[in-house]
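Chemist: Quick one, fold the following:
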Amino acid sequence: MRIMKEKILIHTCCGPCLLSALFSLGEYDLTAFYCNSNIFPQDEYVKRRDNTIKVCREKSINFVECSYDHSAWLSFVSKLASFQNFPEGGDRCLLCFEFRIRKTAEYARQHSFQIIATTLSSGSNKNAKVINAIGERIASEYGLKFLPADFKKRGGFEFSIKECRRLGIYRQNYCGCEFSIRRGRQNSASDKISS
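Modeler: So this is what the prediction gives:
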C-alpha cells in the first residue's frame, strides 16, 4: 500500500535555498513555485530559474513558474517612502516577502493546495521569525496552513552548499533586487575609499 505524502506548495527563490528546504521536507510532496518578480535584471531571474529547474529535475520535484512582472513588484514595494534606501533586511524586504508569499497563497488556493511554505528562511541574512509571521498571516487570510521553518538551521545550509557543488548549481551573491545590488556597490566603494 502506497502512503500519500502531504502536498505543499513551496515558494522557491532559488535552487540553493530549495536545496536547504529539501533537507527538512523529504516527507512531503513538494511543488516548487518560482515567483520572484523582485529579481533584477531579468537575465539574473532566468539564471536562477534555470538552476531551480535543474534542482527540481534532480530531486523529482514539480515546478511551477508565475509570470515575471518587475513593474508590479516595484509598485508594491514603492508604497513605502524612500524604499530604495532601506538596507537588506529592512522594511522593503518585508513588503517583498509579502508580495511573493501572497502570490504563492493565491496560486495555492486556485490549485487546491492546503499548505504553503517558502524557502526564504534559507538565506543566511534572512530572519526566519519575521518571514514565518508574514507567511502565517497571509496563509490565514487565504484559509491555508503555513509551514513555519528556518531551513538554514540543523544542517540545511551545509547540505545546500554540498549539493550545489555536486550538481553545479549557481549560488548568487545578492538577494535579487536592484537595490541590494546598488547597496552592495555603495558599500564596496566606501570600503575602497576608507582603506
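Chemist: Write down the beta-bridge partners of residue 8, one by one.
Modeler: residue 30 (DSSP bridges).
Chemist: what residues are up against it?
Modeler: By C-beta atoms under 8 Å, 6 or more residues apart in numbering, the contact list for residue 8 reads 25, 28-31, 113, 115-117, 147. Heads up, the C-betas are built off the backbone N, CA and C, glycines and all.
Chemist: Who wins on neighbours among these?
Modeler: The member of the contacts of residue 8 surrounded by the most neighbours (other C-beta atoms under 10 Å) is residue 117, with 28 neighbours in all.
Chemist: That one and residue 124, how far apart?
Modeler: 18 Å (C-beta to C-beta, to the nearest Å).
Chemist: How about residue 155?
Modeler: To residue 124, residue 155 is 14 Å away according to C-beta to C-beta.
Chemist: and residue 120, what is it in contact with?
Modeler: Shown in contact with residue 120 (C-beta under 8 Å, 6+ apart): 11, 13, 17, 97, 100, 126, 131.
Chemist: Please apply the same query to residue 153.
Modeler: Shown in contact with residue 153 (C-beta under 8 Å, 6+ apart): residue 128.
Chemist: Kindly report the same for residue 73.
Modeler: 37-38, 96, 99.
Chemist: go on, residue 177?
Modeler: If you count contacts by C-beta under 8 Å, 6+ apart, residue 177 has them with 38-40, 92, 96.
Chemist: Now do the buried residues in stretch 70-77.
Modeler: 70, 73-74, 76-77 (16 or more other C-beta atoms under 10 Å).
Chemist: of these, the lowest pLDDT goes to which?
Modeler: Minimum pLDDT for those is recorded at residue 77 (88).
Chemist: what kind of secondary structure is residue 64 in?
Modeler: Under DSSP: H, G, I helix; E, B strand; the rest coil, residue 64 falls in the strand class.
Chemist: Kindly state the beta-bridge partners for the nearest residue to residue 140 once chain neighbours are set aside.
Modeler: Closest residue to residue 140 apart from its sequence neighbours, by C-beta to C-beta, 6 or more residues apart in numbering: residue 146 at 7.7 Å. Beta bridges link residue 146 to residue 116, judged by DSSP bridges.
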